[in-house]
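Novice: Turn this into a model:
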Amino acid sequence: MGHAAQFSILGTINTVVGLLSVSLFPQLAGKLNRRNLFFACIAVILCGIGLFSVAGTSLALVLLADELFFIPQPLVFLVVLMIITDCVEYDQWKLGHRDEALTLSVRPLLDKFVGAISNLVIGAAVAAGMTTGATAGSITKAGIISFKLYVFALPFALIILSSLVFFFRVKLTE
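Specialist: As a prediction, this is how the structure comes out:
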């Protein structure tokens, strides 16, 4: 967009919205149940990615797309964290012992793995044509399409794939 100063607006909005979404988690999980909340959040995230991909240089659309993308992320994180906790509880109930250390070590591993995947996607997008000396005006139409595929289409597909894994593999409920 060429207006780096407007990024502070985004950070401020994300901070407020993130705190609000986390504080609403118990009520939302109680109303929808965690599984339905997870899929509702994924749908909102996908809408945010879709809007981001067509927002162009409109600050209003970029901010709206970012919030649609950002608001559900803490909720998805909390749902997954609760499922990991449920696994510990289920194991204790079923086998009579509690192995929290193993479960607590899985979450940081997942965080690192997801961070590595996101860095790979962004690195591939940059390598697709946004290297030294590139400006908004010097990027070709093909470069823009490559960038959008890496930054919007690939994450969209990976989110759908992970949602399918969640749908078919996660059987524990609250």
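Novice: Who are the contact partners of the spatially closest residue to Phe166 that is not a sequence neighbour?
Specialist: Among residues not flanking Phe166 along the chain, Phe38 sits closest, at 6.5 Å (Cβ to Cβ, 6 or more residues apart in numbering). The way it works is simple: take the backbone N, C-alpha and C, and place the C-beta from them, glycine included. Listed by Cβ atoms under 8 Å, 6 or more residues apart in numbering, the contact set of Phe38 reads Val76, Val79, Val80, Ser163, Phe166.
Novice: From Ala40, how far out is the last one?
Specialist: Right, Phe166. 13 Å (Cβ to Cβ, to the nearest Å).
Novice: swap in the third one?
Specialist: Taking Cβ to Cβ as the criterion, Val80 is separated from Ala40 by 14 Å.
Novice: do the fourth one as well
Specialist: According to Cβ to Cβ, Ser163 stands 11 Å off from Ala40.
Novice: more crowded one of those two?
Specialist: Neighbours around Ser163 and Ala40, counted as other Cβ atoms under 10 Å, are more numerous at Ser163. The numbers are 18 against 15.
Novice: Chain neighbours aside, what residue packs nearest to the most centrally placed residue in the chain?
Specialist: Compute the mean C-alpha point of the chain, and by Cα atoms, centre = their mean the closest residue is Gln73, 5.0 Å away. Distances taken as Cβ to Cβ, 6+ apart place Ile45 nearest to Gln73, at 7.0 Å, with adjacent residues excluded.
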